[in-house]
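[1] sequence and computational prediction follow.
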Amino acid sequence: MPGPPPPSAPRRAFTAVLLVNFVDTLGFSLVMPFLVFVVTRLGGNAFIYGLVSAIYPACALASAPVLGRWSDRYGRKRVLLLCEAGTVLGWVVLAVALSLPANPLANVAWRLTGPFTVTLPLLLVFLARATDGMTAGNSSITAAYVADVTPPEKRNSSFGAMGVSSNLGFVVGPAIAGALGSTRLGDRLPVYATLGVSLAAAAMIAWYLPESHERTSTAVPHAHHRRWGALGEALDIPHVGRMLVLYFASYLAFNFYYSAFPVHAIQNLGFGITASGAYFAILSVLMVAVQGLVLPWASRRWTDIQLMVAGSLMLCANFLLLLTTNLAAVGASVALFALGNGVMWPSAVALLSKVAGEEEQGLVQGVASSAGNLASIAGLIAGGLVFETLGAWTFMLAAALITVAGAVALPLRGLPR
């Protein structure tokens, strides 16, 4: 068990983890806009790009609970450094892939998948994303870290600050990637930059981030735990099962939206590349404003449950507004999405941290991350297919799912603030 930290430790630790989170997100967002071009240049097609996108959450689905439990046993800093090392290795593999010639190994022309070419660098792209995914405990461990260094009554605004650091990374990263991608090195320079940013994040963890959770002994799991592993351990904690349903429904709703909206914007709203980019840029900026300014004010006046339910209702209204092609309604939906997600999601993470207790933060955050990753895989694979069948009514399904998430949280309103 860790002893009490000195008074300055929580503030320094929180500042450090915000910086690490920003740098980590910046590195991720530097290369993601170019990944589709990398995949197609190396022989892939839309189907292969979907598989490349899904392999990261698929690997994280298996690894996040294990990494979270390790962080409970061996300390957050050690396991977070391991995760960052895996990220660095993944970008190294991707950099190697981009330096190799895309010589065909096999040409595939299946009717279901469409034609694509198997090349060695394309296989290395899969390996790079799988390597990163198998050590993808960053988000769940940083959430546990924030819970370690923040008192329960302040966690809502603290997780909002984490959201701000993430959104800033997503705002800055694509802009830098666009500038770097216009050089003679093309899509290689953003990858090299991402590798450098990831190395910087690893250095920050190693030399600047203080440890927040030390444990010198581990308990032997009960037979039930041996049978069900990390999931069984997490479900033994009261209310965790309810929170897993909330996470799954929320992530599924968001991924239906992220899969369907770009196609909806092009086909039904008449958006081009510039308009679509402006839409998501405005959304990210509004999210920063909500989580940085509105959430700290709101969290002092209302409970996590109240903010979660209010946020889910605003998100539901946002999805319903997308059933129309009226641009004014679409503009209002952007504001509702930023406000709803900006108050709901930090409140959900804060509530999960309170349900988890002090000794199982990593385990519970890791299992919840896996629930989100499972929903992400389902949403990425099914979202486009659902839109092809239902069209804009896909957003009605997203609205129903986010309403379920809010309703699931209601019985927890008796928990301490």
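    That came through fine.
[2] low pLDDT regions in the stretch 51-200 of the chain?
    In the predicted model of the stretch 51-200 of the chain, residues 137, 181-183, 186-187 satisfy pLDDT under 70.
[3] and the helices in it?
    76-99, 120-134, 138-149, 155-181, 188-207 (DSSP state H, counting those that start in this stretch).
[4] and among the ones you listed, the most buried is which?
    Compared across the helices of the stretch 51-200 of the chain, helix 138-149 shows the largest average neighbour count, a mean of 26 (mean count of other C-beta atoms under 10 Å). Backbone N, C-alpha and C define where each C-beta goes, glycine included.
[5] what separation do you get for the nearest residue to residue 292 once chain neighbours are set aside and residue 336?
    With sequence-adjacent residues excluded and distances taken as C-beta to C-beta, 6 or more residues apart in numbering, residue 292 is closest to residue 164, at 4.6 Å. In this structure, residue 164 and residue 336 are 19 Å apart, going by C-beta to C-beta, to the nearest Å.
[6] related to what we said a few turns ago, among the helices of the stretch 51-200 of the chain, which is nearest residue 296?
    Evaluated over the helices of the stretch 51-200 of the chain, closeness to residue 296 peaks at helix 155-181, with 4.3 Å, by C-beta to C-beta.
[7] what is that closest one packed up against?
    Other helices and strands packing on helix 155-181, by 3 or more C-beta pairs under 8 Å, 6 or more residues apart in numbering; DSSP states H and E, are helix 8-41, helix 138-149, helix 188-207, helix 273-289, helix 295-299, helix 327-356.
[8] need those in CSV (columns: distance to residue 265).
    Listed next are the helices and strands packed on helix 155-181 as CSV, based on distance: least, C-beta to C-beta, whole Å:
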stretch, distance to residue 265
helix 8-41, 16
helix 138-149, 27
helix 188-207, 24
helix 273-289, 5
helix 295-299, 28
helix 327-356, 9
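[9] those helices: which one's closest to residue 246?
    Closest of those to residue 246 is helix 327-356, at 6.3 Å (criterion: C-beta to C-beta).
[10] the very next helix or strand once past that closest one packs against which elements?
    Of the helices and strands lying after helix 327-356 in sequence (DSSP states H and E), the nearest is helix 361-390. Under the contact definition 3+ C-beta pairs under 8 Å, 6+ apart, helix 361-390 sits against helix 46-74, helix 138-149, helix 223-235, helix 240-267, helix 327-356, helix 394-409.
[11] what angle separates the second one from helix 327-356?
    On the basis of axes from the mean of the first three to the mean of the last three C-alpha atoms, to 10 degrees, helix 138-149 is oriented at 60 degrees to helix 327-356.
[12] contact partners of helix 138-149?
    Among residues not part of helix 138-149, those counted as contacts by C-beta atoms under 8 Å, 6 or more residues apart in numbering are 5, 9-10, 13-14, 17, 20-21, 24, 64, 67-68, 71-72, 76, 79-80, 83-84, 87, 155, 158-159, 162, 212-213, 349, 352-353, 356, 361-362, 365-366, 368-369.
[13] list buried residues within those.
    Members of the contacts of helix 138-149 that pass the buried threshold by neighbour count (16 or more other C-beta atoms under 10 Å) are listed as 10, 13-14, 17, 20-21, 24, 64, 67-68, 71-72, 76, 79-80, 83-84, 87, 155, 158-159, 162, 212-213, 349, 352-353, 356, 361-362, 365-366, 368-369.
[14] domain map for this structure?
    According to the domain assignment given by automatic domain parsing, the chain is divided into the following structural domains: 1-210, 233-412.
[15] correct me, but residue 116 touches residue 46?
    No - at 9.1 Å, residue 116 does not count as touching residue 46 under the criterion of C-beta atoms under 8 Å.
[16] residue contacts, residue 348?
    Taking C-beta under 8 Å, 6+ apart as the criterion, residue 348 is in contact with 243, 246-247, 250, 304, 308, 405, 409.
[17] go again with 7 Å.
    By C-beta atoms under 7 Å, 6 or more residues apart in numbering, the contact list for residue 348 reads 246, 250, 308.
[18] most neighbours among those residues, which one is it?
    By neighbour count, taken as other C-beta atoms under 10 Å, the most surrounded of the contacts of residue 348 turns out to be residue 308 (29 neighbours).
[19] return the set of buried residues in the helix or strand hosting that one.
    Take DSSP H and E as the rule and residue 308 turns out to sit in helix 304-321. Of the residues in helix 304-321, 304-321 count as buried by neighbour count, 16+ other C-beta under 10 Å.
[20] check stretch 370-388 too.
    Within stretch 370-388, the residues that count as buried by 16+ other C-beta under 10 Å are 370-381, 383-384, 386-387.
[21] cool, and stretch 329-349?
    Those would be 330, 333-349, for stretch 329-349 by 16+ other C-beta under 10 Å.
[22] can you give me the buried ones in stretch 100-119?
    102, 116-117, 119.
[23] ok, residue 153 - how many residues close by?
    A count of neighbours around residue 153, defined by other C-beta under 10 Å, yields 14.
[24] for residue 108, see how far away it is.
    Here the criterion is C-beta to C-beta. By it, residue 153 lies 56 Å from residue 108.
[25] contact partners for residue 41?
    For residue 41, the contact set (C-beta under 7 Å, 6+ apart) comprises residue 102.
[26] for the closest residue to residue 381 other than its chain neighbours, give me its contacts.
    Spatially, and ignoring its direct neighbours in sequence, residue 381 is nearest to residue 54 (6.3 Å; C-beta to C-beta, 6+ apart). Applying C-beta under 7 Å, 6+ apart, one finds that residue 54 lies in contact with 377, 380-381.
[27] can you list those residues in JSON lines and add pLDDT and distance to residue 204?
    Below are these laid out as JSON lines (pLDDT from 0 to 100; distance: C-beta to C-beta, whole Å):
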{"residue": "377", "pLDDT": "83", "distance to residue 204": "30"}
{"residue": "380", "pLDDT": "73", "distance to residue 204": "30"}
{"residue": "381", "pLDDT": "73", "distance to residue 204": "35"}
